[in-house]
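Novice: No sequence on hand, only this structure:
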């Protein structure tokens, strides 16, 4: 479980998060939604120590990670992987080499042993096949479209068997077919692997097709949280304007 308690974050004089309290339950798909610049990506970056809160606490599986040192964050990042909006693959490595790298660099769970290159390559190919990318193992990221690169990034994120995966705008810039394939991959992770998936997005089709719960951020706070059906039925005009995309209404954008 991932928990945020009264998390606050500002950059200079600009308040981004102003007391966010929220949790992601084990094995669920939680979407964090809101307009651009509202703090969705800022929030999840706190989980893996890429940002530190000005106030509040963050717990991952009952471990308070708020004040951990960089070294202390290493095991947290194994259990809680992040897939960035841009796939952040190494251009000089093949897809197979990108996925195998963490396997060669980090000891396996419960041991102090790292995989050999041949062992890592076998496991990396298995992971690529899991995301339907086995046939692209020898390709370089530059040879692939955005949707395929994101699937390779997911395979790499899974290499250390995380309990939680954070997705930052996973379907942005993808064509509709690629976007739905990424949605299905997230759904499979949660349902088949029992991986907690926290998804930052404003893709309404994704939100209302695979989310277990949805949390909307607005003006630095959680405006609402509930099932997709509860969010659709929420009469708040700000929420209704966001989900309908109406150009006129009370919703303030940045």
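Specialist: Ah, there it is. Just so it is clear, the structure is predicted and the values come from calculations on it, not from any experiment. Numbering: from 1, shown residues only.
Novice: what element comes up after the longest helix along the chain heading to the C-terminus?
Specialist: In the chain, taking DSSP state H as the definition, the longest helix is helix 176-193. Later in the chain than helix 176-193, the nearest helix or strand by DSSP states H and E is strand 196-200.
Novice: Pairing partners for that following strand, with directions?
Specialist: Looking at strand 196-200 with DSSP bridges, its partner strands are strand 29-33 (parallel), strand 164-168 (parallel).
Novice: in it, what's buried?
Specialist: 196, 197, 198, 199, 200 (16 or more other C-beta atoms under 10 Å). All C-beta spots, glycine's among them, are computed from the backbone N, C-alpha and C.
Novice: And the helices in the stretch 101-250 of the chain, which stretches?
Specialist: Secondary structure of the stretch 101-250 of the chain (DSSP state H, counting those that start in this stretch): helices at 117-130, 146-157, 176-193, 204-210, 228-233, 237-244.
Novice: Would you mind finding the most buried of the ones you listed?
Specialist: helix 146-157 (a mean of 24; mean count of other C-beta atoms under 10 Å).
Novice: Which other helices and strands does it contact?
Specialist: In terms of contact count using 3 or more C-beta pairs under 8 Å, 6 or more residues apart in numbering; DSSP states H and E, helix 146-157 is assigned the packing partners strand 80-83, helix 95-105, helix 117-130, helix 176-193.
Novice: tell me the mean pLDDT over the third one?
Specialist: By that I understand helix 117-130. Averaging pLDDT along helix 117-130 yields 91.
Novice: still on that earlier bit, of all the strands paired with strand 196-200, which one is nearest residue 59?
Specialist: Of all these, strand 164-168 sits nearest to residue 59, with 11.8 Å by C-beta to C-beta.
Novice: Not counting its own residues, what contacts the closest one?
Specialist: The contact list for strand 164-168 (C-beta atoms under 8 Å, 6 or more residues apart in numbering) reads 2, 24, 41, 44, 47-48, 60, 79-85, 154, 157-158, 186, 189, 195-201.
Novice: pLDDT weak spots in the protein?
Specialist: For the chain, residues meeting the criterion pLDDT under 70 lie at 107-113, 254.
Novice: Columns distance to residue 32 on top of the helices and strands packed on helix 146-157, output as a markdown table?
Specialist: Below are these laid out as a markdown table (distance: least, C-beta to C-beta, whole Å):
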| stretch | distance to residue 32 |
| --- | --- |
| strand 80-83 | 13 |
| helix 95-105 | 25 |
| helix 117-130 | 25 |
| helix 176-193 | 13 |
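Novice: Which one of these lies nearest to residue 252?
Specialist: Across the helices and strands packed on helix 146-157, residue 252 has its closest neighbour in helix 176-193 (27.3 Å, C-beta to C-beta).
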